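Novice: What would the 3D arrangement of this be:
(one chain, ligands or ions: 2)
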Amino acid sequence: MTDHYDVIVIGGGPGGYVAAIRAAQLGLKTACIDKSRNDKGKGSPGGTCLNVGCIPSKALLDSSEHYEMAREGLAAHGVGVDKVSLDLAAMLARKDKIVGELTGGVTMLFKANKIDYYNGHGTLHAERKVSVRDADGKTSAEISADHVILASGSAPMELPSVPFDHDTIVDSTGALAFEAVPEKLGVIGAGVIGLELGSVWRRLGSQVVVLEALDTFLAAADDHVSRDAARQFKKQGLDIRLGARVTGAKTGKKGCVVSYESGGKAGEITVDKLIVAIGRRPYTDDLFDADLGIVTDKRGFIEIDEHNRTGMENVYAVGDAVTGPMLAHKASEEGVAVAEGIAGHPGHVDFNTVPWVIYTHPEIAWVGKTERELKDEGIPVATGQFSFAATGRAKAMNEAGGFVKVVAHAETDRILGVHIVGPRASELIAEAVLAMEFHASAEDLARTIHAHPTLSEATHEAALSVAKRAIHKAN
Ligand code: FAD
Ligand code: NAD
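Specialist: Numbering: from 1, shown residues only. Ligands and ions are numbered 1, 2, ... in the order given. Predicted coordinates for the structure are as follows:
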């Protein structure tokens, strides 16, 4: 007999597993199908994010930051360390343990919420029937539902002239598991992955060259932020070459020779490992039959309306498989909104307040629009900026680089964007997201009491600075 559900979710990443949990919380009989398995062949829900994305990369970012701190940063605090050594195997094992704990946690949450979890590949057919296939291709289940949520995520893009060999030329997944620190590491793409994973291996001892096709560094970020970050990365020894379009790579006995063009001239670097991080593509392979009315656009994203509805009745799509920022929290919020909509409690996602974070050192975080974007739209803005160097806490931490910038509407004072480069920017941005969610003005933030001494005082002073009344700087 075919099991029938209120909701079937295909894909168990932050979009899918969160949608399944929310649907179950709202009393809907729910199943979640996810095909990921760990190296022991056990189901490993959590998607890209938990298995090979956000979590393992942050585990390595933290570990490598401790290593660099012990080697170079502690002396400034008067702490002497005789000999710092690297146990890469232990560092990688710690990362894998965290992944195991968190993916195991999702399996437990499925059980606690009475969600049926199928480990296999799901394909949607007519009448919202869904088949599940094992790794060997055998059909292990056939189920159906009133509503189906597609949350199949994304996969790394390959550069045709630099195909992955998954040994020397790797994607982000390969770059999370190098068995030894490469002496020379090349990275194609100075985007989020290139900067984060490039930072990990630089801290662990690699000489890193990042080749970026665009002439502008971090074009999506605020101009002041990207300029400041570029300066700090350069100081750390990250060799970022802008306007460098990679044309090919050849692997031989002496390593991998990467060719690129820059300003009409040909360039070349020789590296031991090469990470290709030029973006991700929506992953929808064998996800649904061709004749169901579900359409993908020319880049492969599933087309949806403003309520995440696809062209097939009662079938929705969320997360990396649809347009919008490829971020875990965006995927989860869409999953929640869709589950609530199915249960009759219409939810929505405010795309103006999706925070972006790059977990480098310094961290980079922003929410809302940049000053340039707003000016291009003809919106009058007033800005306030405050450096961490003028805050006691950042000084005490020996982390005084960077700043907070608040961009407000020049007439209404409503906050339209907040941009941070500096210590704990990933945590500091939450206050700005909340302020924007509540349509706060810069004055609201300026009148909010911030504990002293904290890094958040930089946000407070930046908000004060919009009205030229910051206390700890000359206005
Ligand atoms: P995914 O997480 O990709 O999950 C989709 C799941 O569905 C996968 O398990 C897949 O195997 C499964 N699946 C696909 N098709 C089928 C099918 N037909 N049947 C069954 N199962 C299927 N984002 C952040 O917000 N913060 C970060 O710090 C961050 N760091 C990242 C670091 C790296 C190295 C990478 C690669 C990504 C990072 N991201 C980060 C992006 C984040 O991982 C994604 O935005 C997020 O995982 C998208 O969630 P999703 O649920 O849409 O898809
Ligand atoms: P990205 O879009 O952030 O950056 C890719 C970069 O590669 C771009 O700057 C692009 O100009 C460059 N590029 C493209 N083709 C090139 C070529 N031929 N030669 C040189 N440069 C080239 O993509 P990504 O870094 O691969 O990350 C993919 C997605 O994963 C991101 O969009 C992000 O949403 C998500 N992610 C998020 C986080 C986070 O939130 N901290 C971390 C990692 C990944």
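
Novice: burial of F233, as a residue count?
Specialist: By the measure other Cβ atoms under 10 Å, the count of residues near F233 is 24. Quick note: C-beta positions are derived from backbone N, CA and C, even for glycine.

Novice: helix, strand or coil for it?
Specialist: Secondary structure, DSSP: H, G, I helix; E, B strand; the rest coil: F233 is helix.

Novice: isn't it right next to I358, touching?
Specialist: No - F233 is beyond contact range of I358, at 10.7 Å (criterion: Cβ atoms under 8 Å).

Novice: what sits in contact with each of these two?
Specialist: Listed contacts common to F233 and I358 are L195; contacts here mean Cβ atoms under 8 Å, 6 or more residues apart in numbering.

Novice: Which positions in the chain make contact with ligand 2?
Specialist: Proximity of the chain to ligand 2 is confined to 159, 188-194, 196, 211-214, 245-246, 277-280, 325-327, 357-359 under the rule Cβ under 6 Å from any ligand atom.

Novice: Next step: those restricted to helices.
Specialist: Here DSSP state H is the test, and these give V192, I193, G194, E196 as lying in helices.

Novice: Nearest to P56 among the residues you listed?
Specialist: Lowest distance from P56 to those (Cβ to Cβ) belongs to E196, with 11.0 Å.

Novice: The closest one: neighbour count?
Specialist: Residues lying near E196 (other Cβ under 10 Å) number 20.

Novice: Looks like it contacts V357 (just checking).
Specialist: No - the pair E196 / V357 is not scored as a contact, 10.1 Å apart, by Cβ under 8 Å.

Novice: returning to what we had before: from the residues of the chain next to ligand 2, keep the buried residues only.
Specialist: Buried members of the residues of the chain next to ligand 2, scored by 16 or more other Cβ atoms under 10 Å, are 159, 188-194, 196, 211-213, 246, 277-278, 280, 326-327, 357-359.

Novice: From ligand 2, how far off is G16?
Specialist: 17 Å (Cβ to the nearest ligand atom, to the nearest Å).

Novice: number of nearby residues for that residue?
Specialist: Counted by other Cβ under 10 Å, the residues lying close to G16 total 30.

Novice: now do I342
Specialist: I342 is flanked by 22 other residues according to other Cβ under 10 Å.

Novice: quick one, what contacts it?
Specialist: D6, V7, A23, L26, L28, H147, Y316.

Novice: which residues touch the residue in the chain that ligand 2 sits nearest to?
Specialist: Taking Cβ to the nearest ligand atom, ligand 2 has its nearest neighbour within the chain at G191, 1.7 Å off. Going by Cβ under 8 Å, 6+ apart, G191 touches A277, I278, G279.

Novice: all helices of the stretch 151-300 of the chain, in order?
Specialist: For the stretch 151-300 of the chain, applying DSSP state H, counting those that start in this stretch gives helices covering 172-175, 192-203, 223-236.

Novice: mind checking which of the ones you listed is nearest ligand 1?
Specialist: Closest of the helices of the stretch 151-300 of the chain to ligand 1 is helix 172-175, at 3.8 Å (criterion: Cβ to the nearest ligand atom).

Novice: Restrict the closest one to CA atoms and write it as CSV.
Specialist: Extracted in CSV, the C-alpha atoms of helix 172-175 (Å, rounded to 0.1, in the frame of the first residue of the first chain):
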residue,chain,number,x,y,z
SER,A,172,34.6,23.1,-1.7
THR,A,173,33.9,19.5,-0.4
GLY,A,174,37.4,18.4,-1.4
ALA,A,175,38.9,21.5,0.1
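
Novice: Any part of that helix near ligand 1?
Specialist: Yes - Helix 172-175 reaches ligand 1 (Cβ under 6 Å from any ligand atom) through S172.

Novice: on contacts alone, who are the packing partners of that helix?
Specialist: helix 192-203, strand 273-276 (3 or more Cβ pairs under 8 Å, 6 or more residues apart in numbering; DSSP states H and E).

Novice: Might you calculate how far that helix sits from the centre of the chain?
Specialist: Computed by Cα atoms, centre = their mean, to the nearest Å, the chain-centroid distance of helix 172-175 equals 14 Å.

Novice: same check, this time on stretch 353-360
Specialist: What separates the centre of stretch 353-360 from the centre of its chain is 7 Å, taken as Cα atoms, centre = their mean.

Novice: For it, measure first residue to last.
Specialist: End-to-end distance of stretch 353-360: 21 Å, with Cα to Cα, to the nearest Å as the criterion.

Novice: Mean pLDDT added to the helices of the stretch 151-300 of the chain, as TSV?
Specialist: Formatted as TSV, the helices of the stretch 151-300 of the chain follow (pLDDT from 0 to 100):
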stretch	mean pLDDT
helix 172-175	98
helix 192-203	98
helix 223-236	96
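
Novice: picking that back up, in strands only, show me the buried ones among the residues of the chain next to ligand 2.
Specialist: Of these, the ones assigned to strands by DSSP state E are I188, L211, V246, R280, V357, I358.

Novice: Report the contact partners of the closest residue to the last one other than its chain neighbours.
Specialist: Looking back up the chat, that one is I358. Excluding the flanking residues, the one nearest I358 by Cβ to Cβ, 6 or more residues apart in numbering is I364, at 4.2 Å. With contact taken as Cβ under 8 Å, 6+ apart, I364 is in contact with L218, A221, V225, A229, W356, V357, I358, I420, V421, A425.

Novice: could you dump the helix or strand that contains T459 to CSV, C-alpha only?
Specialist: Here T459, judged by DSSP states H and E, is contained in helix 456-466. Below are the C-alpha coordinates for helix 456-466, written out as CSV (Å, rounded to 0.1, in the frame of the first residue of the first chain):
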residue,chain,number,x,y,z
SER,A,456,28.1,46.5,20.0
GLU,A,457,29.1,50.0,21.1
ALA,A,458,30.5,50.5,17.6
THR,A,459,27.0,49.9,16.2
HIS,A,460,25.6,52.3,18.8
GLU,A,461,28.1,55.0,17.9
ALA,A,462,27.6,54.4,14.2
ALA,A,463,23.9,55.0,14.7
LEU,A,464,24.7,58.2,16.7
SER,A,465,27.0,59.2,14.0
VAL,A,466,24.2,59.3,11.4
